[in-house]
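K.L.:
predicted structure and sequence below. I'll ask about it afterward.
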Amino acid sequence: MTDFTYISERELAERRKQLKWRRRWKLLQSIWRTLLVMAMAVAAVWVITLPGWVIRSPEQVVIEGNELLSPQTIYAILPIRYPQSLLMVQPEAIAQALESKAPIASATITRHLFPPHLTVRIQERYPVAIAYPAIANADTITPQQREQAQASQVALLDEKGFSVSMDRYANLQQQLELPHLKVFGMRDEYRTQWVSLYQAIARSPIKISEVNWRDPTNLILNTELGYVHLGPYSDRLPDQLRALDQLRNLPEKMDINQVIYIDLINPDIPLVQKVAPQNSDESDQDPPQ
């Protein structure tokens, strides 16, 4: 049997009154929370814009991570007008300016309120090779014009394949020691291949002083054993350099001055191209003994 509980009109009215009060209380709480957040935000902006929270000089900018670049060089290219409120400082704009005007791979800018200052942490680009780029229409200009054009585009290459013009290093605190490795015919499309190529060169026990990449179909290395032809760049490069290491005793077996180049296109069958004998019109190509 269903049990119906009788509720008087007075009880219903009291319940309605309590519900209205709860709704009003929740609304008041919501309004107070909103006002409190707004007040805190306004107070924070007011505090930050106080004269005390202002970058007034480069002494309030802390430089970290620099070894090649002097702090004065970095201060000179910071897009900051002194005095400037910390609130108006734009970390992304500062980072972009540093990366575009100096040999800096990345920059991170942090604002500090107590005491008010900036921290600029940079990661520099360390040059590992001197890059001589490929010259357009090289066959139609004189050797002197080609040399002048190449000299004007000489850049320093880091291990990730990013090139930085020599001018970027002009204002270094100390004299930059140029890398010994030279790369001829460097192109933008070689950047991804350069990463693994340089790692292999750096690990090679045979000293390599030059990389000639002018001909994409034949990568040529200048090594302590002479010139080495590798053919087009491929994933066989580690095998080719291992085969080159196995030829380290080549000067003991033949006159190295008679060697034109070493052919390692097939690392399983290394060949030595020698100067042709005086009674022959063609050069000799023999496997090393």
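P.N.:
Received, thanks.

K.L.:
contacting residues for residue 26?
P.N.:
Counting by C-beta atoms under 8 Å, 6 or more residues apart in numbering, residue 26 touches no other residue. C-beta coordinates here come from the backbone N, C-alpha and C atoms, glycine included.

K.L.:
please identify the helix or strand for it.
P.N.:
helix 9-48 (DSSP states H and E).

K.L.:
can you list the residues that contact the helix or strand that comes right after that helix?
P.N.:
Downstream of helix 9-48, the first helix or strand assigned by DSSP H and E is strand 54-55. Residues outside strand 54-55 that contact it (C-beta under 8 Å, 6+ apart): 61, 80, 82-86, 89, 116-118.

K.L.:
direction included, what does strand 54-55 pair up with?
P.N.:
strand 84-85 (antiparallel) (DSSP bridges).

K.L.:
how far off centre is the strand it pairs with?
P.N.:
For strand 84-85, the separation from the chain centroid amounts to 30 Å (computed by C-alpha atoms, centre = their mean, to the nearest Å).

K.L.:
which positions within whatever helix or strand comes next after it qualify as buried?
P.N.:
Next in sequence after strand 84-85, counting helices and strands by DSSP H and E, comes helix 91-101. Of the residues in helix 91-101, 94-95, 97-99 count as buried by neighbour count, 16 or more other C-beta atoms under 10 Å.

K.L.:
report the two of those separated the most.
P.N.:
Comparing all pairs in the buried residues of helix 91-101 by C-beta to C-beta, the longest separation belongs to 94 and 99, at 9.8 Å.

K.L.:
what's the overlap in contacts for those two?
P.N.:
What both residue 94 and residue 99 touch, as defined by C-beta under 8 Å, 6+ apart, is the set residue 107.

K.L.:
show me what residue 165 is bridged to.
P.N.:
Residue 165 has these beta-bridge partners by DSSP bridges: residue 155.

K.L.:
oh, that last question was meant for residue 62, not what I typed.
P.N.:
Taking DSSP bridges as the rule, residue 62 bridges to residue 119.

K.L.:
isn't it up against residue 118?
P.N.:
Yes - between residue 62 and residue 118 a contact is recorded at 6.9 Å, counting by C-beta atoms under 8 Å.

K.L.:
who's more crowded, those two?
P.N.:
Taking other C-beta atoms under 10 Å, residue 62 and residue 118 do not tie; residue 118 has more neighbours (21 against 14).

K.L.:
who's in contact with that one?
P.N.:
With contact taken as C-beta under 8 Å, 6+ apart, residue 118 is in contact with 55, 60-62, 86, 89, 109-112.

K.L.:
which among the residues you listed end up buried?
P.N.:
Buried residues within the contacts of residue 118, counting neighbours by 16+ other C-beta under 10 Å: 55, 60-61, 86, 89, 109.

K.L.:
okay if I get these as CSV plus pLDDT?
P.N.:
Below are the buried ones among the contacts of residue 118 laid out as CSV (pLDDT from 0 to 100):
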residue, pLDDT
55, 89
60, 93
61, 95
86, 85
89, 89
109, 95
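
K.L.:
next, format the residues you listed as a markdown table and append distance to residue 70.
P.N.:
What follows is the buried ones among the contacts of residue 118, written out as a markdown table (distance: C-beta to C-beta, whole Å):
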| residue | distance to residue 70 |
| --- | --- |
| 55 | 20 |
| 60 | 18 |
| 61 | 14 |
| 86 | 25 |
| 89 | 22 |
| 109 | 18 |
